[in-house]
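> Kindly generate the corresponding structure for this input.
(2 chains)
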Amino acid sequence: MIELTSASKWYGQVIGLNDVTCTIGPGVTALLGMNGAGKSTLIKLVTGQIRPTTGEVLVNGEDPFANPSVYRRLGYCPEIDNFYEWQTGRQFVYGMARLSGFSHADANIRTQKVIEEVGMADRCDKRIAGFSKGMRQRIKLAQAMLNEPDAILLDEPLNGLDPVGRRELMDLLHVLAEQGKSILVSSHILFEVEQMTRSILLLHRGRLMASGDLRVIRELIDKYPHRVRIETPEPREVARRLVALPYVLSVQFDRDGLELQTREPSKFYDALPNLVLDENIPVTGFSSPDNNLESIFRYLVNG
Amino acid sequence: MTETFVFQSALRDFLRAKRILVWLFISAVLYALARVFLSVNPPQELDGAYATLSTLFVFRVLPLASAIFSSAVIGQEVEQKTIVYLLTRPIQRWKLVLFRMLGSAVAVILVSAATLLAVSAAVYHNPFANPMLLKDLIAILIGALAYGSLFVFVTLLLNKAAMVVCLLFAFVWETAVPLMPGSMSLLSIGTYLNAIAQHPSSSESGGNLGNVANSLAINAVSPSNGWAAMIFATVFFAGLCMFWFEKFEYLPREDAE
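This next block holds a predicted model:
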């Protein structure tokens, strides 16, 4: 169990985290926020790399700063992409296992196990300097799982992973969550997070802006008009069909298509495929400028 | 067990071929310089010539190597951002800094010993014929620990400027302070190392360089006081390093800015 009570962190005149109170229990919790929101600061506080300026951070009831007993039960996959480049992947993970207190024999066994779990068994004997971004992410993840921790903190773990790697990581996180582990995953990409969990902590400019079930937050947001961009070679014809829908509020034309506003995005998204398939309206693509973190923050801050 | 691994892995890192080859090259250059010096100033007695060259070369390489290796103990980890991996392992921070520091001290002893052997070989041909070899080795050993603990503390205290401060101390301070009047020389680690090494006067055999070397090697303190001062400095600065590293935050360079 991870608990933050009125935790704030100042870096000189700059505030990294501002009066955050939250609890992170078993299961996957996503830490969402744009760059500079305070995600990494929160993770550094929980991993005991830094101390809160005010407030309290506890991991299993203990202050994590420079506390080996906390690190025995904590796994951390940092955002940084730095390694001892001259080492092989196996040597790096083995070294981390030895630093975690395992004997030579146990460290070898653990290393092999986690390397297999992250799908690096066939590639881990090459030098890290030659690893792709995805391989580096997997090795970082492997070292975080060495001591079978109760809590795992992953700072932007999906960066650089290919779609297969992302799927595998998400599956792995679900397995770990089912084992009762507390997993905190930071990300600035809402779409990634939605595939992993519904439980989120939303940070903005150092403050905890929302926490809880992502679906509830989405429903709140969906009460406001939602923009959808439609790409089409025949914008007038498409607009004529779409404005006939009762929940489409307005339509604006632009260079490659049109942008509409809807009050009920879920109904609109349900109806759109039928219009395309049954009525053959020429839609080449669609996206929502509102389906990102920035728009969620805008809604939460400005209403 | 973990402590041994910290020491061994640090030592392996410090003794990587890429690093060691540079120091072996320096030793070879110093051997060549010593041979040139001896051919220009044919020595009346080998011990005096060795004392000159040892003070000028070996006891200059010692703080230089110490400054460079000490900066790798924690400073390099902060610079490379790999400090994150070390700080989130279940090992006490003071043990991390202590055993990595010991690893760097061993590396410094080895590269300084290589220079010592090179200079001894230049003077005596057979380096093991040097009667001062053992005393110099012992001085190098305690010197590596004293310089190492001081320089590691500087790297823990300062960020970017640490290496510059250590190099300035190694060259400017350690050269200028023993030449200052009064008891200023007592503020130099080299003064105590010279007391421990007990070099004979070298001014007669070395010309102007001998005079400089002799000035640097003024035995203002007795060997026992030299030992006491070096042990105190080592324990004091090593203790300070452990306290400091345990107490304060160390973030990767980019994050710290």
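> Tell me the residues of the stretch 101-250 of chain A that contact chain B?
A:G101, A:S103, A:Q143, A:N147 (CB under 8 Å from any CB of the partner chain). Any C-beta I mention is one placed from the backbone N, CA and C, and that applies to glycine too.
> give me that answer again for 7 Å
A:G101, A:S103 (CB under 7 Å from any CB of the partner chain).
> would you list every one of the helices in the stretch 101-250 of chain A?
Assigned helices in the stretch 101-250 of chain A, in chain order: A:104-117, A:133-144, A:163-178, A:190-196, A:214-222, A:235-242 (criterion: DSSP state H, counting those that start in this stretch).
> which one of the ones you listed lies closest to A:S266?
helix A:214-222 (6.8 Å; CB to CB).
> as a whole number, average confidence for the closest one?
Averaged across helix A:214-222, pLDDT comes to 72.
> same question, stretch A:146-164
In the prediction, stretch A:146-164 has an average pLDDT of 88.
> same deal with stretch B:42-52?
pLDDT averaged over stretch B:42-52 gives 85.
> how about the helices in the stretch 1-150 of chain B?
B:2-14, B:17-40, B:46-53, B:59-73, B:75-80, B:83-87, B:93-124, B:133-157.
> Excluding chain neighbours, what is closest to whatever residue of the stretch 151-257 of chain B ends up closest to chain A?
Proximity of the stretch 151-257 of chain B to chain A (CB to the nearest CB) peaks at B:E249, 4.8 Å away. Distance criterion CB to CB, 6 or more residues apart in numbering or on different chains; nearest residue to B:E249, sequence neighbours excluded, is A:I50 at 4.8 Å.
> Is the one you found in a helix, a strand, or coil?
Following DSSP: H, G, I helix; E, B strand; the rest coil, A:I50 is assigned to coil.
> would you turn the helices of the stretch 101-250 of chain A into JSON lines with mean neighbour count?
JSON lines is the format used below for these (neighbours: other CB atoms under 10 Å in any protein chain shown):
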{"stretch": "helix A:104-117", "mean neighbour count": "17"}
{"stretch": "helix A:133-144", "mean neighbour count": "23"}
{"stretch": "helix A:163-178", "mean neighbour count": "16"}
{"stretch": "helix A:190-196", "mean neighbour count": "17"}
{"stretch": "helix A:214-222", "mean neighbour count": "15"}
{"stretch": "helix A:235-242", "mean neighbour count": "16"}
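> Just give me the lowest mean pLDDT stretch among these.
Between those, the one with the least mean pLDDT is helix A:214-222; it has a mean of 72.
> sorry, back to before: now the helices of the stretch 101-250 of chain A as CSV including distance to B:L134?
Converted to CSV, those look like this (distance: least, CB to CB, whole Å):
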stretch, distance to B:L134
helix A:104-117, 36
helix A:133-144, 45
helix A:163-178, 58
helix A:190-196, 65
helix A:214-222, 72
helix A:235-242, 91
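> of all these, which lies closest to A:A97?
helix A:104-117 (3.7 Å).
> contacts for that closest one?
Helix A:104-117 is touched from outside by A:R90, A:V93, A:Y94, A:A97, A:R98, A:F102, A:A121, A:C124, A:A142, A:M145, A:L146, A:L172, with contacts defined as CB atoms under 7 Å, 6 or more residues apart in numbering or on different chains.
> Just to check, B:V108 is in contact with B:A65?
Yes - contact criterion CB atoms under 7 Å: B:V108 and B:A65 qualify, at 4.7 Å.
> Neighbour count for those two, which is higher?
B:V108 (30 against 27; other CB atoms under 10 Å in any protein chain shown).
> out of the helices of the stretch 101-250 of chain A, nearest to B:P43?
Of the helices of the stretch 101-250 of chain A, nearest to B:P43 by CB to CB is helix A:104-117, at 52.1 Å.
> pLDDT averaged over stretch B:95-109 - what is it?
For stretch B:95-109, mean pLDDT rounds to 97.
> what does it rub up against?
The contact list for stretch B:95-109, computed with CB under 7 Å, 6+ apart, reads B:3, B:6-7, B:10-11, B:14-15, B:62, B:65-66, B:69-70, B:72-74, B:86, B:140-141, B:144-145, B:148-149, B:152, B:238, B:241-242, B:245.
> Which residue ranges make up the domains of chain A?
What automatic domain parsing lists as the domains of chain A is A:2-219, A:223-302.
> looking at the ones you listed, which is closest to B:E174?
Taking the domains of chain A one by one with CB to CB, domain A:2-219 is closest: 32.2 Å.
> quick one: terminal-to-terminal distance for that closest one?
Domain A:2-219 has an end-to-end distance of 28 Å (CA to CA, to the nearest Å).
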